[in-house]
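# Using only what follows, build the 3D model:
(one chain, ligands or ions: 2)
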Amino acid sequence: IFQQYFPTHLRTSVESYFQKIFSFLYPYIQITFNEFTGERFMRSEAFAAIETYLSSSSSAQARRLKADIIKNGQSLVLTMDDNEEVADEFQGVKVWWASGKNVSKTQTFSFQPVPTDEKRYFKLKFHKKHRILITGSYLNHVLKEGKAMKVKNRQRKLYTNSGSSWSFVPFEHPANFQTLAMEPERKEEFVNDLITFSKAEEFYSTIGRAWKRGYLLYGPPGTGKSTTVAAMANLLSYDIYDLELTAVKDNTELKKLLIATSSKSIIVIEDIDCSVDLTGQRAKKREKKDIEENDPVQKFTKDESESRNSKVTLSGLLNFIDGLWSACGGERLIVFTTNYVDKLDPALIRRGRMDKHIELSYCTFEAFKVLARNYLNLESHSLFSRICSFLEEIKITPADVAEILMPKTLPVDAESCLRDLILALEGAKMQAGPEKPHD
Ligand SMILES: Nc1ncnc2c1ncn2[C@@H]1O[C@H](COP(=O)(O)OP(=O)(O)OP(=O)(O)O)[C@@H](O)[C@H]1O
Ligand SMILES: [Mg+2]
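Ligands and ions are numbered 1, 2, ... in the order given. You can find the predicted model right below:
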């Protein structure tokens with residue numbers, strides 16, 4: 001009709017006139033985010049982030065949803081189905097997200113059934129007066145949140161080294177800081193330290209340090225070192241690389257392993273004091289201490305030459321830890337655990353390598369209260385004061401306390417568990433002798 005009744009020269013001006021009226025009546029701006037951009041098989045990062053971002057508002061608002069299972073079947077994610085619309089609000093401004101798909105009609109002829117070429121997209125609609133806010137801060141916010149949610153939802157992995165590569169299983173340890181028995185102040189400090197680290201990317205780059213932090217966890221067996229590592233990984237949603245040093249052939253293999261680790265991960269070396277070669281090196285070094293003490297260069301070259309016939313050396317470990325951090329983009333924690341902190345070489349645990357030394361010790365009353373809450377659902381009990389005075393003088397590990405508090409009957413008989421604990425503490429006290437317990 002338009003073409004029939006209007007001469008060509010009038011058409012353009014009429015069109016622009018209509019456009020003005022249209023934009024007056026319909027003051028919204030639309031932005032389309034396609035699932036695939038450019039490269040046909042490359043899924044758009046923005047699309048994926050938006051999909052994740054919208055999943056929470058979608059499950060609340062949309063009437064038709066699509067469900068998908070992530071985290072090895074542990075949790076279900078709901079995303080909006082095609083042609084649905086959900087609203088979102090940002091700094092008091094309302095926007096609408098719609099989903100849809102284009103079905104491509106240009107299909108090539110083939111005898112095999114061709115999967116229909118669907119291109120999904122999200123359309124963002126908002127009032128034109130909010131253009132700057134939405135195209136700037138809001139979209140940034142959506143992408144950032146979406147990516148963060150994706151990282152949080154992903155199936156995390158527990159890696160272990162075999163040869164010069166890593167193999168993994170899903171990481172599903174339930175440990176967390178709420179259930180970890182530790183004095184509240186120390187726990188809070190630890191958690192804050194971890195969270196500060198995880199948010200400090202910019203800070204680390206301004207001070208010119210690689211984004212990594214080392215923790216040394218030490219204490220007697222059964223005080224929760226391994227549990228703490230799992231809790232750290234769960235708190236920060238990191239993967240864990242459990243490095244078995246005794247299975248590493250030499251320094252070169254160690255280097256390969258360390259370089260193959262990804263960002264957002266914890267590299268753990270458990271029982272670092274038991275790593276045969278390192279203690280061997282240390283013993284040798286102590287003999288040569290007098291000669292080498294004042295000559296770090298000589299010390300270094302000696303270690304290197306020893307590495308050829310032995311396995312991983314201390315200097316190999318030190319250098320490759322530091323070399324790795326400076327080389328690859330960070331956000332990594334390295335954790336050593338040990339039962340005997342005194343046996344370790346000072347170079348291995350100096351600040352800058354192991355920034356924080358955390359002692360996990362025998363069960364204190366505060367730690368006991370956490371265990372009582374976890375295992376028996378008890379906040380207080382008349383027997384607590386007796387247990388408190390025992391714990392002040394008797395050394396018992398949280399693992400032992402936990403084992404005794406483990407409910408043996410159903411329904412849980414909290415009092416008998418507490419009595420069992422008192423019996424065990426009494427027994428331990430008898431063994432320690434009637435005098436003042438040794439330190
Ligand atoms: N501080 C703690 N809080 C809660 N549970 C604990 C704590 N310490 C130990 N446990 C319990 O004891 C068990 C053993 O603890 P864990 O394996 O973490 O000890 P560990 O310090 O790593 O010992 P090892 O030095 O022998 O490796 C865990 O399964 C956990 O349930
Ligand atoms: Mg352990």
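
# Show the average pLDDT along the helix or strand encompassing Ala87.
Using DSSP states H and E, Ala87 sits in strand 85-90. On average, the pLDDT along strand 85-90 is 87.

# Please name every helix or strand in contact with that strand.
On a contact count with 3 or more C-beta pairs under 8 Å, 6 or more residues apart in numbering; DSSP states H and E, strand 85-90 meets helix 45-61, strand 93-103. No exception for glycine: its C-beta is placed from N, CA and C like everyone else's.

# And the strands in the stretch 201-350 of the chain?
212-218, 239-242, 265-269, 332-338 (DSSP state E, counting those that start in this stretch).

# low-confidence ranges in the stretch 201-350 of the chain?
Applying pLDDT under 70 to the stretch 201-350 of the chain flags residues 275-310, 320, 323-329.

# Flag every residue of it that's near ligand 1.
221-227, 339 (C-beta under 6 Å from any ligand atom).

# quick one: contacts for the residue of the chain found nearest ligand 1?
Closest contact between the chain and ligand 1, by C-beta to the nearest ligand atom, is at Gly224 (2.7 Å). Contact analysis of Gly224 by C-beta atoms under 8 Å, 6 or more residues apart in numbering lists 180-182, 360, 398-399.

# again with Asn102
118-119, 121.

# By neighbours, which of the residues you listed wins?
When neighbours are counted as other C-beta atoms under 10 Å, the busiest of the contacts of Asn102 turns out to be Tyr121, with 18 neighbours.

# how about the helix or strand containing that residue: buried residues?
Per DSSP H and E, Tyr121 falls inside strand 118-127. Within strand 118-127, the residues that count as buried by 16 or more other C-beta atoms under 10 Å are 120-122, 124-126.

# one step back: out of the residues of the stretch 201-350 of the chain next to ligand 1, which end up buried?
Using 16+ other C-beta under 10 Å as the burial test, these include 222-227, 339 as buried.

# follow-up on the earlier one: check the contacts of Gly224 and tell me the two furthest apart.
Taking C-beta to C-beta, the two most distant members of these are Met182 and Ala399; they sit 13.3 Å apart.

# and the two? which has more neighbours close in?
Set Met182 next to Ala399 and count neighbours by other C-beta under 10 Å: Met182 wins out with 25 against 15.

# tell me the contacts of the nearest residue to the more buried one once chain neighbours are set aside?
Distance criterion C-beta to C-beta, 6 or more residues apart in numbering; nearest residue to Met182, sequence neighbours excluded, is Ala367 at 5.9 Å. By C-beta under 8 Å, 6+ apart, the contact list for Ala367 reads 181-183, 398, 401.

# Could you give me the ChimeraX syntax to select whichever of the residues you listed are buried?
ChimeraX command restricting these to the buried ones, with burial defined by 16+ other C-beta under 10 Å:
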select :181,182,398,401
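
# Show me the contacts of Ala367 that map onto helices.
398, 401 (DSSP state H).

# And the contacts of Ala367, which is closest to Arg351?
Among those, Met182 lies closest to Arg351 (C-beta to C-beta), at 21.9 Å.

# pretty sure the closest one is touching Glu359, no?
No - applying C-beta atoms under 8 Å as the test, Met182 and Glu359 come out as separate, 10.0 Å apart.

# list the contacts for the single nearest residue of the stretch 151-300 of the chain relative to ligand 2?
The minimum distance from the stretch 151-300 of the chain to ligand 2, using C-beta to the ion, falls at Ser226 (3.2 Å). By C-beta under 8 Å, 6+ apart, the residues touching Ser226 are 270, 337.

# what about 10 Å?
Neighbouring residues of Ser226 by C-beta atoms under 10 Å, 6 or more residues apart in numbering: 173, 175, 217, 242, 268, 270-271, 335, 337.

# before we move on, what about Asp342?
218, 273.

# Can you mark which positions in the host helix or strand of the residue nearest to Met182 are buried?
In the assignment (DSSP H and E), Ala367 maps to helix 365-376. Buried residues in helix 365-376, defined by neighbour count with 16+ other C-beta under 10 Å: 366-372, 375-376.
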